[in-house]
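[1] Sharing a model that was predicted from the sequence below.
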Amino acid sequence: MRDPVPPERWTKPHPGRAHELKRQDGLSIERNVAVPLRDGTRILIDTYKPDRDLDDELPVILGWGPYGKHNQSSNLFPEAGVEDGWNSPYTGFEAPDPIYWCNHGYAVVYADPRGAYYSEGEFRHNGVGEGEDCYDLIEWLGTQPWSNGKIGMSGVSYLAGIQYLVASQRPPHLAAINPWECFTDWYREFAYHGGIPETNFIPRAGSAIANSTNRVEDTLANVRAHPLWDAYWESKTLDFENIVTPAFIVASWSDHGLHSRGSLEAYTRIKSKHKYLLVHGRKKWSHYYTPANVERLRQFFDHFLRGTDDSVLAWPPISLEVRRSAYEWTQRSEKEWPLARTRYVPLYLDAGSGSLQAEPASAESVARYDSENKDNSAIFDYTFPEATELTGPMKLRLWVEAESATDMDLFVAIQKTDTSGQVVPFMFYACFDNGPVALGWLRASHRALDETRSTPERPVHSHLREDMLTPGVPVAVDIEIWPSSTCFDAGEHLRVVIKGSDIYAESPPHLPFARHTDLRNRGVHIIHTGGAFDSHLLIPVTPPAG
């Protein structure tokens, strides 16, 4: 735990903890309503209802997040792509807009969790306890005289993750959830990518949840104190198999390093009878607030919270985007994830020619790069002989050698290049349009696999121990490449880039971005290919349906 940052020292003026009831802009707003939790701790919430005489009870949409229920704006970062007019100034960070939803007959509630700002108690960063607190608020909301007893949840990132925590506890009044992108594996997707510590986003996230009048969890210190999978990470795990609530889950190909992997994992594991998956490749905040997507979400809530619209029952189980570039894509319906018709095909690395080939090279060869030079990398290209779609995860098997070190940090990017060899950009990490097809990472000492969870196309590392390298001795490592969906025309290229540091590292300082600077690399990395060394990329070739 750590000492808090007082709420009044936040960058936006804090309105304080006084109870307030007012009417403006068509809303009836009640601020700082105290709600008791099961242990007597009281948290503060704000409620937004239509400013009219109610002739019926209202379904409720709850936004639960630690960034301050007063933290409201009609826009986000300029680079996020949220257009003027999409949201009202009452919109909480990554939360549903009260003006829109109240105008359509809903109530919206924002909560400051236990220990956030002026809510009582100490703040804990997720875990079962926070799920229990959210359960208690849902049950309180479900029994208010202005509530119809059906509570839904919506929001991005943190506001999505809490939905899995509370839904697994099955509060009776929780009628539907809408987790719009969130990591669900704290270790592998948030803190240690492939066992490599993330060093930019986590300090930022830790400071964003520090405003309180009591102690708060020191996320950064806890992450650094637990470099291997242990009881701390177990305490953050999610019981997906106990979730039966109707769910509209949104995932993306464009948030590698944070939300992409976990959102897809959640969809495959929850047991809800009614579950829908929308996968996109856009900037996540822009996608959440795009008017057409808000209307789509209203169809979902209108059915499960109001019983007034059955169109959601005709939705396909899955709608996914197949990308050609950052600004060119098609949307397609599917029945399952992963796609059952996908064929996993190996492309073998040949260091002698710097290429990927359909057959392994008979002659052994090596690629070398200086792991401490950010401008050095190993590159391998494959030219598609015909139009090909790749949809799913990839696996990169490498035989690697550290010339003068006992460990190595491997960073991998999958890129698309056009027929002239120019890199084709894709949306990336909420605010960028110059990103890769997909990313992967691995610290070589973390190469041991969890054999119960790994599949031939998707390695899952256990992270229970470190197996150090012997300098000069090659070892095989399997690197998980996060899922993506991309079309390549005949003559276009797939490129594998391997280096010793972040391949996408440039960003304005105010934007959220995953980086890794606490590295173990020393000297030259060597990649062995051909002959006895079956270094290859396993790609998900996806034929047309039917």
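    In hand now; what should we look at? Numbering: from 1, shown residues only.
[2] Can you give me the domain boundaries for the chain?
    7-315, 343-541 (automatic domain parsing).
[3] Could you export these to CSV, including columns for distance to Arg323, mean pLDDT and mean neighbour count?
    For glycine as for every other residue, the C-beta is placed from the backbone atoms N, C-alpha and C. Output for the domains of the chain, formatted as CSV (distance: least, Cβ to Cβ, whole Å; pLDDT from 0 to 100; neighbours: other Cβ atoms under 10 Å):
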stretch, distance to Arg323, mean pLDDT, mean neighbour count
domain 7-315, 5, 96, 20
domain 343-541, 5, 97, 18
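[4] Pull out the CA atoms of whichever helix or strand Lys49 is part of and give them to me as PDB.
    Secondary-structure assignment from DSSP states H and E places Lys49 in strand 42-50. Provided in PDB are the C-alpha atoms of strand 42-50 (Å, rounded to 0.1, in the frame of the first residue of the first chain):
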ATOM      1  CA  ARG A  42     -19.800   3.800   2.400                       C
ATOM      2  CA  ILE A  43     -18.900   4.700  -1.100                       C
ATOM      3  CA  LEU A  44     -20.100   7.700  -3.100                       C
ATOM      4  CA  ILE A  45     -22.000   7.600  -6.300                       C
ATOM      5  CA  ASP A  46     -23.600  10.100  -8.700                       C
ATOM      6  CA  THR A  47     -26.900   9.300 -10.400                       C
ATOM      7  CA  TYR A  48     -28.300  10.700 -13.600                       C
ATOM      8  CA  LYS A  49     -32.000  10.300 -14.500                       C
ATOM      9  CA  PRO A  50     -34.300  12.000 -17.100                       C
END
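[5] Export the domains of the chain to a markdown table and append columns for distance to Arg324.
    Shown next, in a markdown table, are the domains of the chain (distance: least, Cβ to Cβ, whole Å):
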| stretch | distance to Arg324 |
| --- | --- |
| domain 7-315 | 10 |
| domain 343-541 | 5 |
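[6] To Tyr327, which of the ones you listed lies closest?
    Each of these was scored for nearness to Tyr327 using Cβ to Cβ, and the closest is domain 343-541 (7.5 Å).
[7] mind listing what the nearest residue to Asn242 once chain neighbours are set aside touches?
    Nearest residue to Asn242, sequence neighbours excluded (Cβ to Cβ, 6 or more residues apart in numbering): Ser168, at 4.4 Å. Neighbour list for Ser168: 131, 238-240, 242-243 [criterion: Cβ atoms under 8 Å, 6 or more residues apart in numbering].
[8] Could you do Arg42 as well?
    34-36, 119-120.
[9] again, 6 Å this time
    34, 36, 120 (Cβ atoms under 6 Å, 6 or more residues apart in numbering).
[10] Return the distance of the second one relative to Leu44.
    As for Pro36, its distance to Leu44 is 11 Å (criterion: Cβ to Cβ, to the nearest Å).
[11] Secondary structure of Leu159: a helix, I assume?
    Yes. Membership of Leu159 in a helix is supported by DSSP: H, G, I helix; E, B strand; the rest coil.
[12] Check the gap between Ile127 and Gly26 for me.
    Careful, residue 127 is Gly; it's not Ile. From Gly127 to Gly26 the distance is 38 Å (Cβ to Cβ).
[13] Surely Gln163 and Asn178 touch.
    No. With contact defined as Cβ atoms under 6 Å, Gln163 and Asn178 do not form a contacting pair (7.4 Å).
[14] which residues does Leu537 bridge with?
    Judged by DSSP bridges, the bridge partners of Leu537 are Leu347, Leu396.
[15] does Glu480 have beta-bridge partners, and which?
    With DSSP bridges as the rule, Glu480 is bridged to Lys395.
[16] I meant Gly152, not that one.
    According to DSSP bridges, beta-bridge pairing links Gly152 with Ile61, Ala176.
[17] distance between stretch 453-470 and the chain's centre?
    21 Å (Cα atoms, centre = their mean, to the nearest Å).
[18] what's the answer for stretch 452-463, then?
    19 Å.
[19] May I have the distance across that stretch, first residue to last?
    In stretch 452-463, first residue to last residue: 14 Å (Cα to Cα, to the nearest Å).
[20] Can you give the contact residues for stretch 201-214?
    4-5, 7, 10, 66, 115, 117, 122-123, 216, 219-220, 223, 512, 514.
[21] Between the two ends of it, how far is it?
    24 Å.
[22] One more: stretch 5-17?
    16 Å.
[23] i'd like the first residue to be 876 from this point on
    In the new numbering, first residue 876, that becomes stretch 880-892.
[24] List of residues touching it?
    So stretch 880-892 is in contact with 907, 945, 992-993, 1085-1086, going by Cβ under 6 Å, 6+ apart.
[25] So which of these sit within helices?
    Among these, no member falls in helices (criterion: DSSP state H).
[26] Quickly check the residues you listed for the two that are furthest apart.
    It's Asn907 and Ala1085 that sit farthest apart of the contacts of stretch 880-892, by Cβ to Cβ, at 20.5 Å.
[27] Pro1358 is in contact with Trp1128, correct?
    No. Between Trp1128 and Pro1358 no contact is recorded; they are 7.0 Å apart, counting by Cβ under 6 Å.
[28] strand partners of the helix or strand containing Phe1286, parallel vs antiparallel please.
    Here Phe1286, judged by DSSP H and E, is contained in strand 1284-1292. Strand pairing for strand 1284-1292, using DSSP bridges, gives strand 1298-1299 (antiparallel), strand 1313-1318 (antiparallel), strand 1368-1374 (antiparallel).
[29] Pipe those strands into TSV and attach distance to Glu1203 per row.
    Below are the strands paired with strand 1284-1292 laid out as TSV (distance: least, Cβ to Cβ, whole Å):
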stretch	distance to Glu1203
strand 1298-1299	9
strand 1313-1318	17
strand 1368-1374	17
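[30] how about the helices in the stretch 926-1075 of the chain?
    Taking DSSP state H, counting those that start in this stretch as the criterion, the stretch 926-1075 of the chain carries its helices at 973-978, 1003-1017, 1033-1042.
[31] export the ones you listed to TSV and tack on distance to Gly1315?
    What follows is the helices of the stretch 926-1075 of the chain, written out as TSV (distance: least, Cβ to Cβ, whole Å):
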stretch	distance to Gly1315
helix 973-978	38
helix 1003-1017	31
helix 1033-1042	23
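[32] And the strands in the stretch 1076-1225 of the chain?
    For the stretch 1076-1225 of the chain, the strands defined by DSSP state E, counting those that start in this stretch occupy 1122-1127, 1150-1155, 1193-1200, 1203-1209, 1218-1225.
[33] Can you name every helix or strand that the last one contacts?
    Contact partners of strand 1218-1225 among helices and strands, from 3 or more Cβ pairs under 6 Å, 6 or more residues apart in numbering; DSSP states H and E: strand 1230-1232, strand 1411-1416.
[34] between these, which one is nearest to Gly1132?
    strand 1411-1416 (19.5 Å).
[35] The closest one vs strand 1368-1374, what angle?
    140 degrees (axes from the mean of the first three to the mean of the last three Cα atoms, to 10 degrees).
[36] Now strand 1411-1416 - C-alpha only, CSV.
    Extracted in CSV, the C-alpha atoms of strand 1411-1416 (Å, rounded to 0.1, in the frame of the first residue of the first chain):
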residue,chain,number,x,y,z
HIS,A,1411,9.4,-21.0,-38.2
LEU,A,1412,6.4,-18.8,-38.1
LEU,A,1413,3.0,-20.7,-37.7
ILE,A,1414,0.4,-18.6,-39.6
PRO,A,1415,-3.4,-18.9,-39.4
VAL,A,1416,-4.5,-19.3,-43.1
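[37] All set, thanks.
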